[in-house]
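> Fold the following, please.
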Amino acid sequence: QVQLVESGGGLVQAGDSLRLSCAASGPPFSMYSMGWFRQVPGKDRETVAVISWSGGNTYYPDSVKGRFTISRDNAKNTVYLQMNSLKPEDTAVYYCAAARVPLDTIVVVIPEYDYWGQGTQVTVSS
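Okay, the predicted model is just below:
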């Protein structure tokens, strides 16, 4: 079973940057597609960024494309989310998740993620 622990959240001002980290333990990290997701109270969880085993394939929704970058270091069992030009609407609890997949592909559909971290709060003030 994969265990995930996020860190790096906090309170920043609009326009600032943050880097979130997600440390994984358990089965070989490199066999999992990884993703970052966010949720605000009363709304559905949404996909922020996903990355394949090798890091060669990524996906971003339009809301963060060009501002957020997902990356992974398989040697360190860690996935990162670099967030630049933050906006107040980026305020949410951010979660990382792992999806066991047989191919080096991305997983965009949230229900296909098997393991989740506890989340880290990101608050962007205007």
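> Contacts for the helix or strand where residue 12 lies, please.
Using DSSP states H and E, the secondary-structure element containing residue 12 is strand 10-13. Strand 10-13 is contacted from outside by 18, 86, 121-126, using C-beta atoms under 8 Å, 6 or more residues apart in numbering. Bear in mind the C-beta positions are built from the backbone N, C-alpha and C, glycine included.
> Pull the most distant pair out of those residues.
Greatest spatial distance among the contacts of strand 10-13 (C-beta to C-beta): 121 and 126, at 16.8 Å.
> Please identify which of those two sits among more neighbours.
Neighbours were counted for residue 121 and for residue 126 using other C-beta atoms under 10 Å; residue 121 has more, 12 against 9.
> what residues are up against the nearest residue to that one once chain neighbours are set aside?
Setting aside the residues directly before and after it, residue 121 is nearest to residue 9 in space (C-beta to C-beta, 6 or more residues apart in numbering), at 4.9 Å. Counting by C-beta under 8 Å, 6+ apart, residue 9 touches 18, 20, 94, 120-122.
> Equivalent analysis for residue 25, please.
Contacts of residue 25 (C-beta under 8 Å, 6+ apart): 2-3, 77.
> so can I have JSON lines of those showing distance to residue 34, secondary structure and neighbour count?
Listed next are those as JSON lines, based on distance: C-beta to C-beta, whole Å; DSSP: H, G, I helix; E, B strand; the rest coil; neighbours: other C-beta atoms under 10 Å:
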{"residue": "2", "distance to residue 34": "10", "secondary structure": "coil", "neighbour count": "21"}
{"residue": "3", "distance to residue 34": "13", "secondary structure": "strand", "neighbour count": "12"}
{"residue": "77", "distance to residue 34": "10", "secondary structure": "coil", "neighbour count": "18"}
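> out of the residues you listed, who's nearest residue 68?
residue 77 (21.0 Å).
> In this structure that closest one contacts residue 23, no?
Yes. Between residue 77 and residue 23 there is a contact at 6.3 Å, judged by C-beta atoms under 8 Å.
> what helix or strand is the spatially most central residue of the chain on?
Centrality entry for the chain: nearest residue to the mean C-alpha point is residue 36, 1.8 Å, by C-alpha atoms, centre = their mean. Residue 36 is part of strand 32-39, with elements assigned from DSSP H and E.
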